[in-house]
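S.K.: this one's structure only:
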Ligand SMILES: Nc1ncnc2c1ncn2[C@@H]1O[C@H](COP(=O)(O)OP(=O)(O)OP(=O)(O)O)[C@@H](O)[C@H]1O
């Protein structure tokens, strides 16, 4: 299965997005600063925006799920359990994964944004779509919650996962790095080879590279491990 961007062009006012490339099975990070076009690309990949020219071609992708940046936009039910059920899931299972079993009867809007993000991420992961698009899954989470979300993501072992994020502190293990540079999608390639050319890389990775260490992946633990080894 794969998703191909064929000379994609999308224009809105003065903003123009351009992208070409193929997203194969695995975890992809589309990194880039605020306003560079990540959400717009996510909407194009989800089929919710139409390109002006070019195409998004899905090959053997039978199901697609986009998790929006603001989890409130997903809410359709008056209870947390009902919210999980609206994803056609067994609520107990989803709430257990989200560590929200005690909140089943609460109003979803009474959850913190971080808790609501955890719920929508758990529901999306249990739905196990072929193509999972996550728009800023770590925004408005604290460090512990980001690590928890990364752990949940790393449990997914099939399909195409694309994480769109400006996050530069806590990141999951990824297979491919892409960057949005003022509306242009740039492929950096496979990890770890792509790490040195990643312009939006977190400071800890830059530090590791400056010390001559080559982390195996983009997680903080990989950078630490690489530094440990270089220091003997
Ligand atoms: N609905 C809209 N109408 C008009 N302009 C928009 C709309 N949504 C986004 N934009 C503009 O399009 C450009 C790309 O926005 P986009 O949301 O895709 O960036 P982003 O990289 O996802 O940013 P963020 O990290 O803040 O989510 C920006 O200049 C933004 O102001």
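M.R.: Yep, that arrived. Because the structure is a prediction, the values reported are computed rather than measured.

S.K.: what parts of the protein come near the ligand?
M.R.: On the criterion Cβ under 6 Å from any ligand atom, the ligand has as its neighbours in the chain the residues 12-13, 15, 32, 34-40, 69, 136, 166, 180. Using the backbone N, CA and C atoms, a C-beta is placed for each residue, glycine as well.

S.K.: ok, and the closest non-adjacent residue to residue 12?
M.R.: Leaving aside its sequence neighbours, residue 12 sits nearest to residue 40 (Cβ to Cβ, 6 or more residues apart in numbering; 7.4 Å).

S.K.: which residues in the chain form helices?
M.R.: Counting by DSSP state H, one finds helices in the chain at the ranges 38-45, 80-85, 91-97, 113-127, 143-154, 203-210, 220-230.

S.K.: ok, the most centrally placed residue in the chain to the ligand distance?
M.R.: Closest residue to the average C-alpha location of the chain: residue 163 at 1.8 Å, with Cα atoms, centre = their mean. Computed with Cβ to the nearest ligand atom, to the nearest Å, the distance linking residue 163 and the ligand is 12 Å.

S.K.: that residue bridge partners, please.
M.R.: Residue 163 has these beta-bridge partners by DSSP bridges: residue 29, residue 134.

S.K.: so who does it touch?
M.R.: Residues in contact with residue 163 (Cβ atoms under 8 Å, 6 or more residues apart in numbering) are 27-30, 134, 137, 153, 172, 174.

S.K.: most widely separated two among those?
M.R.: With distances taken as Cβ to Cβ, the most widely separated pair in those is 30 and 153, at 14.2 Å.

S.K.: who's more crowded, the two?
M.R.: More crowded of residue 30 and residue 153, by other Cβ atoms under 10 Å: residue 30, with 27 against 22.

S.K.: got the contact list for the more buried one?
M.R.: For residue 30, the contacting residues are 38, 41-42, 162-165, 178-180, 185, taking Cβ under 8 Å, 6+ apart as the criterion.

S.K.: can we see that at 10 Å?
M.R.: Residues near residue 30 by Cβ atoms under 10 Å, 6 or more residues apart in numbering: 19, 23, 36-38, 41-42, 45, 133-135, 162-166, 176-180, 185-186.

S.K.: tell me where this protein is predicted with low confidence.
M.R.: With pLDDT under 70 as the threshold, the chain has low-confidence stretches at 231-232.

S.K.: from residue 118, how far out is residue 140?
M.R.: Summarising the geometry, the distance separating residue 140 from residue 118, computed by Cβ to Cβ, to the nearest Å, is 11 Å.

S.K.: in stretch 58-67, what's buried?
M.R.: Of the residues in stretch 58-67, 58, 61, 64-67 count as buried by neighbour count, 16 or more other Cβ atoms under 10 Å.

S.K.: actually stretch 32-48, sorry about that
M.R.: Going through stretch 32-48 with 16+ other Cβ under 10 Å, the ones that come out buried are 32, 36-46.
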